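Asker: can't give you the sequence, but here's the structure:
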């Protein structure tokens, strides 16, 4: 007996993909928006969805949390953005970066792009270093620039305006390509071209680099990453069963140093790869997926 | 930070987030989110 326990169900990846597709459809359930070329304006737009999904997408039924945060910062001189901050803390606390791995349409798009065959960039010191850039993006484009312009009473959601590929892909293309929206196309200019260029570069990078936007640029992932240790839901490591073989970190396509750290999007690949049943998906103490084999590897070796 | 510390931090943040949500709903923050989300965001779609 080599001490290995039964491997957990390989169905986890399939389940995750189904959840990703389901949430992407759920966030964008206003099908009539695509037909009419108009965005949804109903009361659900008061609620932020957890993942990155542009509220100017014709099909979007909820508000983008990142857009809402920037606008809350921009309006902070007159009204503190309690509602958005409370929402983001609640999401981060309950789900953490499970949202990135399971409930973000941009994450799904990036993973599908990565399936295009070709040479792939492996993770390493450089990608690990680049993973810090998203924290700078969060600080500069989501907090500082909108905050600075808020003092001048000028709303400037800098991330939405200059970077966000979700806004270009879902909002700009979704609205501007519709035959009814010639008036919007007429307004397109330099900024439209800039955003289109940024989106093309980001999406092209995702073909070669796993979740390039998510790993290096997404401020929403950075924000949820800050609450990674406190998040209720996610992959958790059982220290008693772990033999420090490193299989979990090796199989992980993200820049993690340990299971469940700030870079982990809880995709569950490590759950499937761990031969010792040391990793499981948990909601608090409740095991949702992963091996529940009895005994401990360290105990057996002792 | 282990066990009890994490549980305490979770409870504190949960209470804080719910408090902020209620305050935000009362101070008009929810209305602001709706107002922005229910209109086409010109910055998001690259129009300025």
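Answerer: Okay, I see it. These numbers were taken from a predicted model, which means no experiment stands behind them. Numbers count the residues shown, from 1 in each chain, chains lettered A, B, ... in the order given.
Asker: Poorly predicted segments of the chain, please.
Answerer: Defaulting to chain A. Scanning chain A for pLDDT under 70 picks out A:1-10, A:291-302.
Asker: if you could check chain B rather than the one you did, that'd help
Answerer: Applying pLDDT under 70 to chain B picks out residues B:1-2.
Asker: Could you pull out the helices in it for me?
Answerer: Counting by DSSP state H, chain B has helices at residues B:3-26, B:29-37.
Asker: Save those as TSV, and put in mean neighbour count and distance to chain A too.
Answerer: Every C-beta, even on glycine, is put in place using the N, C-alpha and C of the backbone. Below are the helices of chain B laid out as TSV (neighbours: other C-beta atoms under 10 Å in any protein chain shown; distance: least, C-beta to the nearest C-beta, whole Å):
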stretch	mean neighbour count	distance to chain A
helix B:3-26	14	2
helix B:29-37	22	3
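Asker: can you tell which of those is closest to residue A:167?
Answerer: helix B:29-37 (12.6 Å; C-beta to C-beta).
Asker: Identify the residues contacting the residue nearest the centre of chain A.
Answerer: Within chain A, one residue has its C-alpha closest to the average C-alpha position: by C-alpha atoms, centre = their mean, that is residue A:100, at 2.8 Å. Listed by C-beta atoms under 8 Å, 6 or more residues apart in numbering or on different chains, the contact set of residue A:100 reads A:51, A:107, A:214, A:218, A:220-221, A:224, A:265-266.
Asker: check which helix or strand covers it.
Answerer: Applying DSSP states H and E as the criterion places residue A:100 in helix A:98-102.
Asker: ok, now residue A:257?
Answerer: Counting by DSSP H and E, residue A:257 is part of no helix or strand.
Asker: residues contacting it?
Answerer: Going by C-beta under 8 Å, 6+ apart, the list of residues near residue A:257 reads A:128, A:249, A:263.
Asker: So which residue is smack in the middle of chain B?
Answerer: With distances taken as C-alpha atoms, centre = their mean, chain B has residue B:21 as the residue nearest its mean C-alpha position (6.4 Å).
Asker: check contacts around it.
Answerer: Contact analysis of residue B:21 by C-beta under 8 Å, 6+ apart lists A:82-83, A:86-87, A:90.
Asker: Who wins on neighbours among the contacts of residue A:257?
Answerer: When the contacts of residue A:257 are compared by neighbour count (other C-beta atoms under 10 Å in any protein chain shown), residue A:263 ends up highest, at 23 neighbours.
Asker: Which of the helices of chain B sits closest to residue A:116?
Answerer: helix B:29-37 (32.5 Å).
Asker: outside of that closest one, which residues touch it?
Answerer: Helix B:29-37 is contacted from outside by A:43, A:45-46, A:48, A:55, A:60, A:62-64, A:67-68, A:71-72, A:75, A:79-84, B:23-24, using C-beta under 8 Å, 6+ apart.
Asker: switch to 6 Å and redo it
Answerer: Contact with helix B:29-37 is made by A:45-46, A:55, A:63, A:68, A:71, A:81-83, as judged by C-beta atoms under 6 Å, 6 or more residues apart in numbering or on different chains.
Asker: mind listing what's buried in stretch A:39-56?
Answerer: Using 16 or more other C-beta atoms under 10 Å in any protein chain shown as the test for burial, stretch A:39-56 gives A:39-40, A:44-56.
Asker: residues making contact with it?
Answerer: Residues contacting stretch A:39-56 (C-beta under 6 Å, 6+ apart): A:27, A:30, A:33, A:58, A:60-65, A:67-68, A:87, A:91, A:99, A:103-106, A:166-167, A:170-171, A:220, B:30, B:33-34, B:37-38, B:40-41, B:44-45.
Asker: Among the contacts of residue A:257, which lie within helices?
Answerer: Counting by DSSP H, these place A:128, A:249 in helices.
Asker: quick one on the thing from earlier: report the buried members of the contacts of residue B:21.
Answerer: Buried members of these, scored by 16+ other C-beta under 10 Å, are A:82-83, A:86-87, A:90.
Asker: Dump these into CSV; add distance to residue A:286 and secondary structure as well.
Answerer: Below are the buried ones among the contacts of residue B:21 laid out as CSV (distance: C-beta to C-beta, whole Å; DSSP: H, G, I helix; E, B strand; the rest coil):
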residue, distance to residue A:286, secondary structure
A:82, 31, helix
A:83, 30, helix
A:86, 25, helix
A:87, 24, helix
A:90, 19, helix
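Asker: Please render these as a markdown table that adds distance to chain B to the earlier fields.
Answerer: Output for the buried ones among the contacts of residue B:21, formatted as a markdown table (distance: C-beta to the nearest C-beta, whole Å):
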| residue | distance to chain B |
| --- | --- |
| A:82 | 4 |
| A:83 | 2 |
| A:86 | 3 |
| A:87 | 7 |
| A:90 | 4 |
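Asker: Thanks a lot, see you next time.
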